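Asks: From the sequence below, what's the structure:
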Amino acid sequence: NMVAVSSDPLLVNWEKLTGSAVLPNPCPIWTKTSGGETMPGVGGNPVAAGAINFVYDPCIWKRGGVYYSLSGGALPHGPSGKRLRTPFLFRSPDLVHWEYLHPFLEGDIFGMPGDDCGCPYFWPIGDRHILLHFSHMSGSHYLLGDYDTDRDEFVVTDGGRFTFGPYYPGGLHAPAATPDGHGGLIALFNINAAKPTSGWNQIMSLPRRLTLAGRNELRMEPVGDLASLRGEHAAVGPMTLPANREVVLEGLGGTSVEIAAEIDPLSAQMVELNVLRSARSEERTRIVFFRNRGYVDWDRSDGWNRFADSRDSLVVVDSSYSSELPDVETRAPEMAPVYIAPGETLKLRVFVDRSVVEVFANGRQALTLRVYPGRADSTGISLCARGSEAAVQSLDVWEMRGIW
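Replies: As a prediction, this is how the structure comes out:
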């Protein structure tokens with residue numbers, strides 16, 4: 001890690017503090033004990049053996065006149081000998097001389113064995129803290145918890161994912177986040193391509209506002225002046241979706257559109273919204289809702305008393321039939337949990353922007369991926385209810401103009 005500082009309010013002019021790395025990579029603060037275990041060195045003092053490449057993706061803040069920095073990484077030998085994600089914490093009085101403290105996470109049971117903690121962004125959110133990060137194994141994640149400033153540790157109480165499958169091909173990659181000044185965060189993500197490209201070739205997601213809805217419940221909604229991009233408008237509804245019959249919304253669609261829909265699934269087993277659909281459905285991207293088909297949330301269920309009402313629903317984005325092109329790489333469907341309370345309708349905001357599809361469900365969940373329709377007529381929208389009929393209360397479609 002190198003350090004440069006700026007007093008320029010436009011952040012144009014910078015001054016390097018040293019001519020060399022303040023935290024080298026590999027950072028020589030680990031050593032092997034006589035028993036073979038890997039242990040941290042004392043106070044960040046260099047040791048000759050056992051250094052590990054874990055100094056990257058710094059996240060920095062200042063508290064009480066002292067600078068702190070997280071560096072993404074993982075403990076090499078966690079439970080059962082598996083790699084265990086954690087960022088490593090350093091501190092400095094002057095940005096030049098850094099002392100290693102310890103792994104930053106306490107009580108994290110919300111990841112997968114083999115995850116790491118790249119691109120950490122650690123910020124207050126409401127009256128708590130959140131750590132957004134990227135795993136080179138399983139994509140973007142977040143952890144919620146409390147910052148114990150006496151021990152300089154992050155006590156984790158919950159966690160979740162922003163990527164619900166592999167981050168490549170076509171999945172959400174790493175986060176970046178900054179406070180919004182009102183207790184929430186604005187987060188951006190880069191999205192991987194799903195076809196061969198040259199070099200480091202990605203695209204950015206829409207900005208999301210992250211807020212707390214409860215102690216361990218994260219809300220996420222698109223943010224920014226997105227309505228300023230709205231062009232030609234069309235609306236549908238209210239209407240009944242008959243069981244087991246696809247309803248094509250004639251004259252509606254496009255390759256850059258915003259869709260806002262409110263649907264009551266009633267007793268339907270599944271409700272499906274297709275976008276980028278060709279005339280005879282050779283290509284289509286499926287957005288599917290399964291009510292109460294997710295896992296039970298024991299914290300929500302209050303034991304057995306509200307067991308049936310505590311189950312998550314599922315939102316799926318399926319690109320299996322999005323493209324007939326031979327060079328487009330397939331991926332398994334994205335499947336994300338979202339809690340829909342009894343009697344609550346499904347509220348979707350869907351943004352289709354050429355090769356990007358982003359889906360926001362009830363302000364509580366978001367899914368993003370890349371698709372590449374190859375047919376000129378892959379612009380349509382359709383709806384379907386399975387098993388029983390469902391009710392579309394409203395559906396609005398806007399042409400989405402370019403930002404330029």
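Asks: Quick check: the gap between Ala235 and Val392.
Replies: 11 Å (CB to CB, to the nearest Å). No exception for glycine: its C-beta is placed from N, CA and C like everyone else's.
Asks: neighbour count winner among the two?
Replies: Val392 (21 against 11; other CB atoms under 10 Å).
Asks: The host helix or strand of that one pairs with which strands, parallel or anti?
Replies: Val392 belongs to strand 390-400 when assigned by DSSP states H and E. Strand 390-400 has its sheet partners listed here by DSSP bridges as strand 230-236 (antiparallel), strand 239-241 (antiparallel), strand 256-264 (antiparallel).
Asks: May I see these arranged in a markdown table, with mean pLDDT and distance to Ser323 as well?
Replies: Formatted as a markdown table, these follow (pLDDT from 0 to 100; distance: least, CB to CB, whole Å):
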| stretch | mean pLDDT | distance to Ser323 |
| --- | --- | --- |
| strand 230-236 | 97 | 26 |
| strand 239-241 | 97 | 26 |
| strand 256-264 | 98 | 17 |
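Asks: which stretch among those comes nearest Pro76?
Replies: Across the strands paired with strand 390-400, Pro76 has its closest neighbour in strand 256-264 (45.5 Å, CB to CB).
Asks: burial count for the residue nearest to Asn192 when sequence neighbours are not counted?
Replies: Nearest non-adjacent residue to Asn192, counting by CB to CB, 6 or more residues apart in numbering: Tyr168, 4.7 Å away. Neighbours of Tyr168 under the rule other CB under 10 Å: 14.
Asks: ditto for the one 3 residues further on
Replies: Burial measure for Gly171: 24 neighbouring residues, criterion other CB under 10 Å.
Asks: Next up, the contacts around it.
Replies: When contacts are counted by CB atoms under 8 Å, 6 or more residues apart in numbering, Gly171 is found next to 139, 163, 165, 191-192, 331, 334, 368-370.
Asks: now swap in Asn362 and tell me
Replies: Neighbours of Asn362 in contact, by CB under 8 Å, 6+ apart: 338, 340, 344, 346-347.
Asks: Can you tell me which of those residues has the most neighbours?
Replies: Going by other CB under 10 Å, Ile340 tops the contacts of Asn362 with 23 neighbours.
Asks: Please state the backbone phi and psi of the closest residue to that one other than its chain neighbours?
Replies: Among residues not flanking Ile340 along the chain, Ser313 sits closest, at 4.7 Å (CB to CB, 6+ apart). Note on Ser313: backbone dihedrals following degrees, to the nearest 10 are phi -90, psi 180.
Asks: wait, Ser313 sits on Asn292?
Replies: Yes. Using CB atoms under 8 Å, Ser313 is in contact with Asn292, at 5.8 Å.
Asks: quick one, which of those two is more surrounded?
Replies: Ser313 (22 against 16).
Asks: how near is the more buried one to Gln365?
Replies: Counting by CB to CB, the gap from Ser313 to Gln365 is 9 Å.
Asks: Next, show the common contact partners of these two.
Replies: 337-338.
Asks: Which parts of the chain are helices?
Replies: Per DSSP state H, the chain carries helices over the ranges 298-301.
Asks: Report the central residue of it.
Replies: What sits nearest the mean C-alpha location of the chain, by CA atoms, centre = their mean, is Phe162, with 2.3 Å.
Asks: which ones among the contacts of Asn362 are found in strands?
Replies: Among the contacts of Asn362, DSSP state E puts 338, 346-347 in strands.
Asks: Looking at the residues you listed, spot the one nearest Leu95.
Replies: Val338 (42.2 Å).
Asks: surely that closest one meets Leu314?
Replies: Yes. The pair Val338 / Leu314 is scored as a contact, 7.3 Å apart, by CB under 8 Å.
Asks: on that earlier part again, pairing partners for the residue nearest to Ile340 in the sheet, please.
Replies: Applying DSSP bridges, one finds that Ser313 bridges with Val338.
Asks: Alright, that wraps it up for me.
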